[in-house]
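Engineer: Structure, please.
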Amino acid sequence: MAVEFLDIDGAHDGPENGRGGSPATVATAGPQVTRPAESGPPEDRRDGGDGRGGRGGQDGGPAPKVVTTRHPGRWVTAAAVVVLLAMAASALITNPAWEWEVVGEFLFAPSVLRSVVFTLELTALGIGFGFLLGTVLALMRMSANPLLSSVAWGYIALFRSIPLILQLLFWYNLALLYPRLSFGVPFGPSFFDVGTMDLIGPVTAAALGLALHQAAYAAEIVRAGLLSVDHGQREAAAALGIPRSRQLFRIILPQAMRSIVPTAGNEIIGLVKGTSVVYIMALPELFYQVQVIYNRNGRVIALLLVATIWYLVMTTVLSVVQHYLERHYGKGRA
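Structural biologist: Got it, this is the predicted structure:
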């Protein structure tokens, strides 16, 4: 009895290693059983028998199609949001009480523009000196010296506990506590003294209060960023004999900026709005200036909307800058 074998496709392997042509013979204990060889191109026969691949299923029909899951709830939610946005836009446009013509009149008024510039100046002073002092406090807090660490901890706890408006009032009324400030040898003779009101005016008091208040939060931001850097970086830098100052500014701090920038950006944006608190010192920042104008002409809502638009513009610009800084310092992160 002749014995031949079938390949995995069910096609006949002839004497010349060819496919197809003659029936395939299978060796059995009984009489020979013949099966007709499959016809058609090889790609049609490859996976067509199991219904999972090829051009068709078991019955030669079309392959099954992939049908994505439908989410009708998403479309319903999106439609509801669009309707709400349209209603809000209609309320803003059609309601004459918003007085958009008054908004356009005062939006670029010289006094308003000067107040916007002054607001940005106060923000820059508060953030600049605040983060400079906050970095020193963070390093003190991380110091092995218990005195330095305790002083930094006490400063942070004190200035985070007192509201900003109270701190501004204390600095503004410092002359009531100390009419004159002396400069000389500690606990010894003084060389000269000046009047407190001459040294610390309203603008200086505002910048000082904002900076000292912001330093307490900046210290924790910087400390968290420094702690986020793997300790092995410090050990490797020390093993190479790199000075500690160079370790901090060239190795540790650039890596810590990945964690510092997002939180610091939020603090800067918050301080832009926080400068509105200095209106109690009669300084011509944005919120105080619009108050002066609407107390004179009675257009309260329109002038408040002017302040809202300018705050929105300033915070949006700062948010864009924060985004690019995060992307810059995030390069190379896995």
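Engineer: Now do the contacts for the residue nearest to Thr135 when sequence neighbours are not counted.
Structural biologist: The spatial neighbour of Thr135 that comes closest, neighbours along the chain excluded (Cβ to Cβ, 6 or more residues apart in numbering), is Val222 at 5.1 Å. (Each C-beta comes from the backbone N, C-alpha and C, glycine too.) When the contact criterion is Cβ atoms under 8 Å, 6 or more residues apart in numbering, the partners of Val222 are Phe131, Gly134, Thr135, Ala138, Ala256, Ile260.
Engineer: just those residues now: which is nearest Arg160?
Structural biologist: Each of the contacts of Val222 was scored against Arg160 by Cβ to Cβ, and Gly134 proved nearest at 11.6 Å.
Engineer: what is the mean pLDDT for the host helix or strand of that closest one?
Structural biologist: Using DSSP states H and E, the secondary-structure element containing Gly134 is helix 110-141. For helix 110-141, mean pLDDT rounds to 94.
Engineer: So which residues make contact with the helix or strand that that helix is followed by?
Structural biologist: Using DSSP H and E, the helix or strand that directly follows helix 110-141 along the chain is helix 146-161. In this structure, residues lying in contact with helix 146-161 by Cβ under 8 Å, 6+ apart are 137-138, 140-143, 167, 212-213, 215-217, 219-220.
Engineer: and if you look at stretch 265-281?
Structural biologist: With Cβ under 8 Å, 6+ apart as the criterion, stretch 265-281 contacts 119-120, 122-123, 126-127, 164-165, 168-169, 172, 202, 205-206, 210, 214, 217-218, 221, 285-288, 291, 311, 314-315, 318-319, 321-322, 325-326.
Engineer: then that stretch to PDB, C-alphas only?
Structural biologist: Listed next in PDB are the C-alpha coordinates belonging to stretch 265-281 (Å, rounded to 0.1, in the frame of the first residue of the first chain):
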ATOM      1  CA  GLY A 265       4.000  79.000  37.800                       C
ATOM      2  CA  ASN A 266       0.900  78.600  39.800                       C
ATOM      3  CA  GLU A 267       2.300  80.800  42.600                       C
ATOM      4  CA  ILE A 268       3.200  83.500  40.100                       C
ATOM      5  CA  ILE A 269      -0.300  83.500  38.600                       C
ATOM      6  CA  GLY A 270      -1.800  83.500  42.100                       C
ATOM      7  CA  LEU A 271       0.400  86.600  43.000                       C
ATOM      8  CA  VAL A 272      -0.800  88.500  39.900                       C
ATOM      9  CA  LYS A 273      -4.300  88.300  41.300                       C
ATOM     10  CA  GLY A 274      -3.000  88.600  44.900                       C
ATOM     11  CA  THR A 275      -1.700  92.100  44.200                       C
ATOM     12  CA  SER A 276      -5.300  93.300  44.200                       C
ATOM     13  CA  VAL A 277      -5.000  93.200  48.100                       C
ATOM     14  CA  VAL A 278      -2.700  96.200  48.100                       C
ATOM     15  CA  TYR A 279      -5.800  98.400  47.200                       C
ATOM     16  CA  ILE A 280      -6.000  98.900  51.000                       C
ATOM     17  CA  MET A 281      -2.800 100.900  50.800                       C
END
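Engineer: any chance you could map the strands in the stretch 151-300 of the chain?
Structural biologist: If DSSP state E, counting those that start in this stretch is used as the criterion, the strands of the stretch 151-300 of the chain fall at 180-184, 190-195.
Engineer: Just the local confidence number for Ile242, please.
Structural biologist: We have a pLDDT of 87 for Ile242.
Engineer: and it, what does it touch?
Structural biologist: Under the criterion of Cβ under 8 Å, 6+ apart, the contact partners of Ile242 comprise Arg250, Ile251.
Engineer: Distance of it relative to Pro254?
Structural biologist: Separation of Ile242 from Pro254 (Cβ to Cβ, to the nearest Å) stands at 14 Å.
Engineer: cool, Gln322 as well?
Structural biologist: Counting by Cβ to Cβ, the gap from Gln322 to Pro254 is 17 Å.
Engineer: Looking at these two, which has the bigger crowd around it?
Structural biologist: Neighbours per residue, other Cβ atoms under 10 Å: of Gln322 and Pro254, the larger number sits with Gln322, 17 against 12.
Engineer: circling back: reformat the strands of the stretch 151-300 of the chain as TSV; add mean pLDDT, mean neighbour count and distance to Leu305.
Structural biologist: Compiled in TSV, the strands of the stretch 151-300 of the chain are given as follows (pLDDT from 0 to 100; neighbours: other Cβ atoms under 10 Å; distance: least, Cβ to Cβ, whole Å):
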stretch	mean pLDDT	mean neighbour count	distance to Leu305
strand 180-184	82	12	43
strand 190-195	82	11	42
